[in-house]
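1. what follows is a protein structure lacking sequence information:
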């Protein structure tokens, strides 16, 4: 017969592992750790791509990413710059879609 303490310890360990695994999972409103890191990389790449473009370099553009969806906000000098920022962001690997909230100065 199994030792009751062994069964209890095994059960507690299984519950602890399940709780840890659930804590790392993502939800509709919150990212898991891996997704957060992936989104940070995407954000950095989008910022780099935008500010490497001579037309967009001096713009006031903020970039946020959540589960591959990039949100652009801030101010640019022309409608063409709004469209170009969206195209540049869409061309970055890992971007699933772009929400463009840029405004004209």
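-> Received, thanks. Just so we're clear, the structure is a prediction, and the values are computed from it rather than from any experiment. Residues are numbered from 1 along each chain as shown.
2. which secondary structure element of this protein has the lowest mean pLDDT?
-> helix 4-24 (a mean of 63; mean pLDDT, DSSP states H and E).
3. buried residues of the helix or strand that that one is followed by, list them for me.
-> Under the assignment DSSP states H and E, the closest C-terminal helix or strand after helix 4-24 is helix 33-52. Of the residues in helix 33-52, 35, 38-39, 42-43, 45-46, 49-50 count as buried by neighbour count, 16 or more other CB atoms under 10 Å. Backbone N, C-alpha and C define where each C-beta goes, glycine included.
4. who's in contact with the next helix or strand after helix 33-52?
-> Next helix or strand after helix 33-52 toward the C-terminus (DSSP H and E): strand 60-66. With contact meaning CB atoms under 8 Å, 6 or more residues apart in numbering, strand 60-66 is reached by 31, 39-40, 42-43, 46-47, 50, 70-76, 85, 89, 95, 102.
5. what of stretch 46-59?
-> 61, 63, 65, 70, 74-77, 80-81, 84-85, 88-89, 91-92, 95.
6. so for that stretch, mean pLDDT?
-> Stretch 46-59 shows a mean pLDDT of 92.
7. that one: end-to-end distance?
-> This stretch, stretch 46-59, spans 14 Å end to end (CA to CA, to the nearest Å).
8. for stretch 87-100, same thing?
-> Termini of stretch 87-100 sit 10 Å apart (CA to CA).
9. where's residue 82 relative to residue 96, distance?
-> Distance of residue 82 to residue 96, given as CB to CB, to the nearest Å: 20 Å.
10. more crowded one of those two?
-> residue 82 (20 against 11; other CB atoms under 10 Å).
11. helices or strands up against the helix or strand containing that one?
-> Secondary structure assigned from DSSP H and E places residue 82 in helix 79-90. Using 3 or more CB pairs under 8 Å, 6 or more residues apart in numbering; DSSP states H and E, the elements in contact with helix 79-90 are helix 33-52, strand 69-76, strand 97-104.
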